[in-house]
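Engineer: Coordinates only, no sequence provided:
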């Protein structure tokens, strides 16, 4: 029998009558890992290993850089090992999600094409349709909340940049401006259509962090040893912030689904989390050591006003706006799947995405304090999607076994044990972080919504 060429393989993968022998690669062949073009298998390639790593790092890095110094105020120096531990747990959970999709493809050949809602599909295959609906809802809430936080942070930073020129323009107005500026970019279909934004988001964050760190060193005062934990509520409020800083897993399946070779997603994650930790730790430690209890929830507001901090703020605003597009895309795709919008229908896609940006505008103008949203989202849906469900779905799929004619799924005993430990951290930490966030929200004076001022 003659061997199938690249076009025949592409056609086989794209049709619903895929079989158990269909290759576990999407359209476009095998990724070489060195670019975004076609792999060795021929056809049009998706995201490469490097593009995926940059996209993941670019999506996650900004909020943690700005919020973690304040989190250390509430945890003290014990927050440093917590940050490292949560990074390792988040990377472990991301790997479990990647393995889950590989198992789903192995069990069901029809899944070997690009999907709009891969996380919900994983939950359906592992836990059943009720969990699938719950994951879809949690994903929308998570990405929606993170999108609001990113736009509020961008608006706050832009307000600082133009404060001397336009002192009367408030964050409420800047929030409208930045939301309007990013709206046209919402029309990108899937992550493969805007992989360049991941590069822009990551590089702008790296340079901004270098400039922030230099400015912190210029602001340094005689060192005063900082003591630690403020109390139970403050500690777990900070814990929710740390969970938020590593809470990108809800978009991982969508990004993985756009890779040329999805089996290499775990390699991309290793690069991404190493880069994220390398950005987080210096800024978190320096921000807490230099500014102490006075460090602002957004550390950029604590920096002295100099050309260094100005350029850093501009670059951080660029990062936040680029990362916003990456974050909100899974919400857009989930809503389009819910309303059965054809993938090639630009008109209906535009209507759905405009309604989403309208909702983001309303929430941001109603609660113009990013850190309350950040802590609450970190303790609820991010705890579920990033720290609990990946391991739980993984263990469930292991128990269900592989598809007919496929080798059985196996995992070491320590992997299963660590899965249960991660699930415990996600559940217990999420409950306490949610309680602390709600306590903080209802025990402090609420900001007046922008439209009532």
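Structural biologist: Received, thanks. Keep in mind that this is a model prediction, so the values were computed, not measured.
Engineer: where does the stretch 151-300 of the chain dip in pLDDT?
Structural biologist: Flagging of the stretch 151-300 of the chain using pLDDT under 70 yields the residue ranges 190-192, 194-195, 223-229.
Engineer: That one: strands as residue ranges?
Structural biologist: Secondary structure of the stretch 151-300 of the chain (DSSP state E, counting those that start in this stretch): no strands present.
Engineer: Give the buried residues for the helix or strand hosting residue 145.
Structural biologist: In this structure, residue 145 sits in helix 129-161 according to DSSP states H and E. Buried residues in helix 129-161, counted by 16 or more other Cβ atoms under 10 Å: 131-132, 134-136, 138-161. C-beta: built from backbone N, CA, C; applies to glycine.
Engineer: ok, residue 304 - how many residues close by?
Structural biologist: Residue 304: 10 surrounding residues under other Cβ atoms under 10 Å.
Engineer: Apart from its neighbours in sequence, what residue is nearest it?
Structural biologist: Spatially, and ignoring its direct neighbours in sequence, residue 304 is nearest to residue 219 (5.3 Å; Cβ to Cβ, 6 or more residues apart in numbering).
Engineer: now swap in residue 242 and tell me
Structural biologist: Excluding the flanking residues, the one nearest residue 242 by Cβ to Cβ, 6+ apart is residue 86, at 5.2 Å.
Engineer: contacting residues around that neighbour?
Structural biologist: Residues near residue 86 by Cβ atoms under 8 Å, 6 or more residues apart in numbering: 242-243, 245-246.
Engineer: I'd like to know which of those is nearest to residue 66.
Structural biologist: Using Cβ to Cβ, residue 245 comes nearest to residue 66 of the contacts of residue 86, at 9.4 Å.
Engineer: Which residues are in contact with the closest one?
Structural biologist: 60, 63-64, 67-68, 71, 83, 86, 280, 378.
Engineer: If I follow the layout properly, residue 101 ends up in contact with residue 118?
Structural biologist: Yes: if you go by Cβ atoms under 8 Å, residue 101 and residue 118 touch, sitting 6.1 Å apart.
Engineer: tell me, what's touching these two both at once?
Structural biologist: Joint contacts of residue 101 and residue 118 (Cβ under 8 Å, 6+ apart) are 253, 256-257.
Engineer: Just give me the closest of these to residue 437.
Structural biologist: If you rank the shared contacts of residue 101 and residue 118 by distance to residue 437 using Cβ to Cβ, residue 253 comes first, at 26.1 Å.
Engineer: returning to that earlier point: which of the contacts of residue 86 lies at the shortest distance from residue 181?
Structural biologist: Nearest to residue 181 among these, with distances taken as Cβ to Cβ, is residue 245, at 25.1 Å.
Engineer: Against residue 254, how distant is the closest one?
Structural biologist: 20 Å (Cβ to Cβ, to the nearest Å).
Engineer: hmm, back to that, for the helix or strand where the residue nearest to residue 242 lies, which positions count as buried?
Structural biologist: If you go by DSSP H and E, residue 86 is part of helix 79-107. Buried residues in helix 79-107, counting neighbours by 16+ other Cβ under 10 Å, are found at 79-80, 82-83, 86-87, 89-107.
Engineer: quick one: residue 451 and residue 363 touch, right?
Structural biologist: No: if you go by Cβ under 8 Å, residue 451 and residue 363 don't touch, sitting 12.0 Å apart.
Engineer: of those two, who's got more company?
Structural biologist: Neighbour count, other Cβ under 10 Å: between residue 451 and residue 363, residue 363 has more, with 17 against 9.
Engineer: and residue 305, backbone torsions?
Structural biologist: Main-chain torsions, residue 305, degrees, to the nearest 10: phi -80, psi 100.
Engineer: Report all helices and strands that the host helix or strand of residue 123 contacts.
Structural biologist: According to DSSP H and E, residue 123 maps onto helix 118-127. Helices and strands touching helix 118-127, by 3 or more Cβ pairs under 8 Å, 6 or more residues apart in numbering; DSSP states H and E, are helix 79-107, helix 129-161, helix 252-256, helix 389-400.
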